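Asks: I'd like to go over a predicted model; first the sequence, then the structure.
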Amino acid sequence: MTELPVNFWSEFDFSDGRLLYAETYLTECMLHAQYLYSGENAERPIFLSLVIGNGYDDSRGLFHIEILWDNEKRPVACYTCKTCEALKKLTYMALEQVHKELVCRRLSYYGKLWETIIVDLEQ
């Protein structure tokens with residue numbers, strides 16, 4: 001397999017965020033979307049990023065999804081899988097988790113308020 005189906009990303013709703021990049025060719029970063037976490041400081045808004053890629057060159061599995069907080073040092077969630085069907089399922093799960101994070105606002109620069117969610121679908 002060298003790429004995802006051409007319309008793969010079209011069934012997902014990224015409209016409440018900002019889709020920076022989406023590609024069906026298998027590469028390290030196939031999709032990058034940002035979601036505004038806090039706009040209280042107009043000079044320094046805080047974002048959650050959804051990054052989906054192909055991990056053929058590392059140990060994360062064929063596909064990997066990460067939800068990253070603004071500083072991108074520690075992921076909120078990591079999802080890995082080996083098939084397109086599983087990637088579709090995990091993308092829905094990741095989008096649901098992004099929306100949960102935006103509502104519950106459990107993240108903080110000032111402390112370890114959460115643990116990274118890790119989901120690995122062995123298929």
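Replies: Nice, I can see it. Numbers count the residues shown, from 1 in each chain.
Asks: Show me the residue sitting in the middle of the protein in space.
Replies: residue 50 (2.8 Å; CA atoms, centre = their mean).
Asks: Enumerate every residue touching the closest residue in space to that one that isn't next to it in sequence.
Replies: With sequence-adjacent residues excluded and distances taken as CB to CB, 6 or more residues apart in numbering, residue 50 is closest to residue 33, at 4.5 Å. Glycine gets a C-beta too; all of them are placed from N, C-alpha and C. By CB atoms under 8 Å, 6 or more residues apart in numbering, the residues touching residue 33 are 14, 17-20, 49-50.
Asks: Quick one: low-confidence residue ranges for the protein.
Replies: 1-2, 55-61, 71-73, 106-114, 122-123 (pLDDT under 70).
Asks: now the strands for it?
Replies: Taking DSSP state E, the strands of the chain run over residues 18-22, 31-38, 46-54, 63-69, 75-81, 117-120.
Asks: For the second one, which residues meet the burial criterion?
Replies: If I follow you right, that is strand 31-38. 31-35, 37 (16 or more other CB atoms under 10 Å).
Asks: out of the contacts of residue 33, who's nearest residue 103?
Replies: Residue 103 lies nearest to residue 17 out of these, by CB to CB, at 14.0 Å.
Asks: if we can go back for a sec, how near is the residue nearest to residue 50 to residue 24?
Replies: According to CB to CB, to the nearest Å, residue 33 and residue 24 sit 15 Å apart.
Asks: Span of stretch 63-76 from start to end?
Replies: 17 Å (CA to CA, to the nearest Å).
Asks: hmm, who's touching it?
Replies: 37, 46-55, 77-83, 86-87, 90-91, 94, 97-98, 101, 107, 109, 114, 116-117.
Asks: Before I go, just wanted to say thanks for your time.
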